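A.B. asks: with the input below, show me the fold.
(2 chains)
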Amino acid sequence: MQSNSKANDVVVIRESEIRSNFRALDIRWRSAETFAILPSNLPLSDEWLDAALQLLPQAFCTKHFLLLTSGSTGQPKIIVASRERAEHLVEVIHRAQDGEATKETICCLPLSYSYSFVNQWLWSRILGRRIILTDGFMRPNELKVTLDAAHDAMICMVGAQVSLLRSFFGGRTFPGIIRLHFAGGRFPQEQLGPLKQIFPNATIFNNYGCAEAMPRLTIRLAEDADVAANIGRPLAGVELKSGIEGQLLFRSPFRAVGFIENSSFRAIDDNDWVDTGDLGCAGDNGMWILLGRRSEVFKRFGEKISLPAIDAALKRVWCGELAFYRETDSMGENGHVVVIAPHPEERQVKAILMELRRDFSRPHWPLRVESLQRLPRLPSNKVDTGALKEQKDLIVRWSQRY
Amino acid sequence: MSNREKLRDLLLEVLLLSDEEFSFDLNREQVETWDSLAVVAIAAGVDETFGYHFTPDEAVGITGVNDIIRVLEREGISFAEA
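C.D. replies: Below is the predicted model:
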């Protein structure tokens, strides 16, 4: 499907179109027709997109907007969001993140990513602040120039970008950044020291949410907790609860109104408790604690295995990228494989193994430790877990042997 | 590489031991990581490295490194020190 083509009266805008004509997005936001903002290189056929958009009920064909989300399973899902709700959310997060002092925002994530779209583009539109688009770490020199010139600026990043940030800009400082937000993955709590060196004037926030929340649910100041799993308190109006299986559920006046997935549209009712896909529980002082993705906690030889807990332990000794994929072992038990990048030295592999031994019994150990030069990523910048084991430069560094 | 070195490397890898922690006199009780799954892993590693597959009784009866050497020497695999 070409830019601006229509299916069921939905206008489709590609990320590349916004970059060549930034006003296009503003025009779409003001017009009545529902529009979809999609990545430039969509890994989906035009036919799939056309068929999916035809499923959108007529009631949502005006005053809404659509974003594509790619869950860690890689299954495409179109989120249907209300513009009015999103605008209200912006006002709430502006207050929660003490955004009044912020004069501009620098984008180093795609705008088709709900976090960047709402927290940056829509925020700048409603609050009348400047927005600066960059190609992020695709063009680090240009990003550096932009960061150098920043003045009372906010940037929004995902945790996976921190290793790139440190590689490219370690030792530099960008005093013009006063707000630094993280969302869309594990909060880099253990990297706060280096982040404070690079952004000495920045207040750092951990944001939590999901595409169905459109997209924010909680926020906390980085210093208000010492573990990455602490996602802070719900935003005003947002309710959280743990389901009977420990799943983290939410109700929010800002959430998406429905989604298109697996060839069907599903509306989300105002009274529905929506599953975040994570496990979580209430902590102290109104804060909430993430216990991992539902798919990241499983039983192995009768023991509860938490991939986030293993991830946190290994990050104490491994500064590069790290990901997991699931695999069944030769005994039919659930297991997992750790993949690190870039390729490590032998002593680094030993350090990882010794950390595993120190903190966990054998059932928690991975079936294998593998390495790649670089982890494959989806357009959203999440690790493409489905593609990890298909990479040609994959090297097995250690194996359980069974 | 001698058979002693091969066996040492295998056990270091399976049990996640450091060089300093290893000795040929080690017993199962002395090594926290030598659990039942480690027995399976050692058996698989011995099969892969020395071409001998422990019988279930042999695998269960192994109480230390010397037991592994004893079983393998009985199969004609020499662990004589150079």
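
A.B. asks: list the buried residues for stretch A:19-32?
C.D. replies: Under the neighbour-count criterion of 16 or more other CB atoms under 10 Å in any protein chain shown, stretch A:19-32 has A:Ala24, A:Leu25, A:Arg28, A:Trp29 buried. Where you see a C-beta, it was placed from the backbone N, CA and C, and this is true even at glycine.

A.B. asks: same list (those residues) but as a markdown table, adding pLDDT, secondary structure and distance to B:Ala41.
C.D. replies: Compiled in a markdown table, the buried residues of stretch A:19-32 are given as follows (pLDDT from 0 to 100; DSSP: H, G, I helix; E, B strand; the rest coil; distance: CB to CB, whole Å):
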| residue | pLDDT | secondary structure | distance to B:Ala41 |
| --- | --- | --- | --- |
| A:Ala24 | 89 | helix | 59 |
| A:Leu25 | 92 | helix | 56 |
| A:Arg28 | 94 | helix | 58 |
| A:Trp29 | 96 | helix | 58 |
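
A.B. asks: so how many other residues sit close to A:Phe35?
C.D. replies: Other residues near A:Phe35 come to 22 when the count uses other CB atoms under 10 Å in any protein chain shown.

A.B. asks: need the contact list for the spatially most central residue of chain A.
C.D. replies: Centroid check for chain A by CA atoms, centre = their mean gives A:Gly184 as the closest residue, at 1.7 Å. With contact taken as CB atoms under 8 Å, 6 or more residues apart in numbering or on different chains, A:Gly184 is in contact with A:Tyr113, A:Tyr115, A:Val158, A:Gly159, A:Ser380, A:Asn381, A:Lys382.

A.B. asks: can you tell me how far A:Phe168 sits from A:Glu321?
C.D. replies: Plainly put, A:Phe168 is 15 Å away from A:Glu321 if you go by CB to CB, to the nearest Å.

A.B. asks: swap that for A:Ala153, sorry
C.D. replies: Using CB to CB, we find A:Ala153 at a distance of 27 Å from A:Glu321.

A.B. asks: of the two, who's got more company?
C.D. replies: With neighbours defined as other CB under 10 Å, A:Ala153 and A:Glu321 compare such that A:Ala153 has more, 25 against 18.

A.B. asks: export stretch B:43-52 as CSV, just CAs?
C.D. replies: Coordinates of each C-alpha in stretch B:43-52 appear next as CSV, following Å, rounded to 0.1, in the frame of the first residue of the first chain:
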residue,chain,number,x,y,z
ALA,B,43,27.5,-38.8,31.0
ALA,B,44,26.7,-37.0,27.8
GLY,B,45,30.1,-35.3,27.9
VAL,B,46,32.0,-38.6,28.5
ASP,B,47,30.1,-40.2,25.6
GLU,B,48,31.1,-37.3,23.4
THR,B,49,34.7,-37.0,24.5
PHE,B,50,35.7,-40.6,25.2
GLY,B,51,33.1,-42.5,23.2
TYR,B,52,31.8,-44.5,26.2
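
A.B. asks: per-residue confidence averaged over it?
C.D. replies: Stretch B:43-52 shows a mean pLDDT of 94.

A.B. asks: point out the residues in the stretch 201-350 of chain A that sit beside chain B.
C.D. replies: Within the stretch 201-350 of chain A, the positions near chain B by CB under 8 Å from any CB of the partner chain are A:Phe301, A:Met331, A:Lys350.

A.B. asks: neighbour count, pLDDT and secondary structure for those residues - can I get that in a markdown table?
C.D. replies: Formatted as a markdown table, these follow (neighbours: other CB atoms under 10 Å in any protein chain shown; pLDDT from 0 to 100; DSSP: H, G, I helix; E, B strand; the rest coil):
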| residue | neighbour count | pLDDT | secondary structure |
| --- | --- | --- | --- |
| A:Phe301 | 17 | 82 | coil |
| A:Met331 | 10 | 81 | coil |
| A:Lys350 | 18 | 94 | helix |
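
A.B. asks: just these now: which is nearest A:Asn119?
C.D. replies: A:Lys350 (40.7 Å; CB to CB).

A.B. asks: what's near enough to touch the closest one?
C.D. replies: A:Lys350 makes contacts with B:Ser18, as judged by CB under 8 Å, 6+ apart.

A.B. asks: and for A:Glu355?
C.D. replies: For A:Glu355, the contact set (CB under 8 Å, 6+ apart) comprises A:Ala313, A:Leu314, A:Arg316, A:Val317.

A.B. asks: how does it look with 6 Å?
C.D. replies: By CB atoms under 6 Å, 6 or more residues apart in numbering or on different chains, the contact set of A:Glu355 is A:Ala313, A:Val317.
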